[in-house]
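Visitor: Pasting a predicted model and its sequence here:
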Amino acid sequence: MAEPSTIARPYAEAAFRLADAKGALADWSATLANLSAVAADARVRAAIGDPNFSAAKIAGLFLAILSGKLTGESENFVRVLAENGRLDVLAEIRTQYEVLKNEREGVVEAEVTTAFEMEAAQVADLVARLEKKTGRKVRARVSVDKSLIGGVKIVIGDKVIDGSARAQLAALETALKA
């Protein structure tokens, strides 16, 4: 069986092309977030996996739950996913769509892990520095991990900037063993 990312890619690209052509990237982002949330519900997952439910019935379930929140195009998208048995990869479709959207908008996601809570001014300063370094707009998600001891660890795409005390201590330990 193919990987979920491989299965989701053409659907994410189709949704992106449709949204981009209509100038509705943010709207589709919200739609895919809603669809992913519905698909993540345990009862909905059970219905998706139940061979006794037809594709039309499962699509109808999504449309009923999100009644009034979907456009005609997004309703058709749900129907296509249901007919092809792909509602179970909605979370991956959303993830890949967001990557395409961020690329178009020149935005990069940064995972910032700190040893202690950061004040808003500190986060803003860090984001400004990252934007200068990357040349792109940075959207940071900050979390706290006390095991870092001190400092900060930043992950942007496949790049890692580890300025944590734990990483520095590990480097010192390695140097001393050599």
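Guide: That came through, no problem. Since the structure is predicted, the reported quantities are computational estimates derived from the model, not experimental observations. Residues are numbered from 1 along each chain as shown.

Visitor: Show me where this protein has its helices.
Guide: For the chain, applying DSSP state H gives helices covering 4-22, 25-40, 42-49, 55-65, 72-83, 90-105, 120-134, 165-177.

Visitor: wait, doesn't residue 152 sit right on residue 116?
Guide: No. Taking contacts as C-beta atoms under 8 Å, residue 152 lies outside contact range of residue 116: 9.5 Å. Every residue, glycine included, has its C-beta placed from N, CA and C.

Visitor: quick one: which of those two has more around it?
Guide: For the pair residue 152 and residue 116, the greater number of neighbours falls to residue 152 (19 against 12), based on other C-beta atoms under 10 Å.

Visitor: give me the beta-bridge partners of that one?
Guide: Applying DSSP bridges to residue 152 yields these beta-bridge partners: residue 114.

Visitor: ok, now which ones touch it?
Guide: Residues counted as contacts of residue 152 (C-beta atoms under 8 Å, 6 or more residues apart in numbering) are 112-115, 126, 161, 163-164.

Visitor: repeat that with 7 Å
Guide: The contact partners of residue 152, taken as C-beta atoms under 7 Å, 6 or more residues apart in numbering, are 112-114, 163-164.

Visitor: Name the nearest of those relative to residue 46.
Guide: Among those, residue 113 lies closest to residue 46 (C-beta to C-beta), at 34.9 Å.

Visitor: So the closest one is in contact with residue 140, correct?
Guide: No. With contact defined as C-beta atoms under 7 Å, residue 113 does not count as touching residue 140 (10.7 Å).
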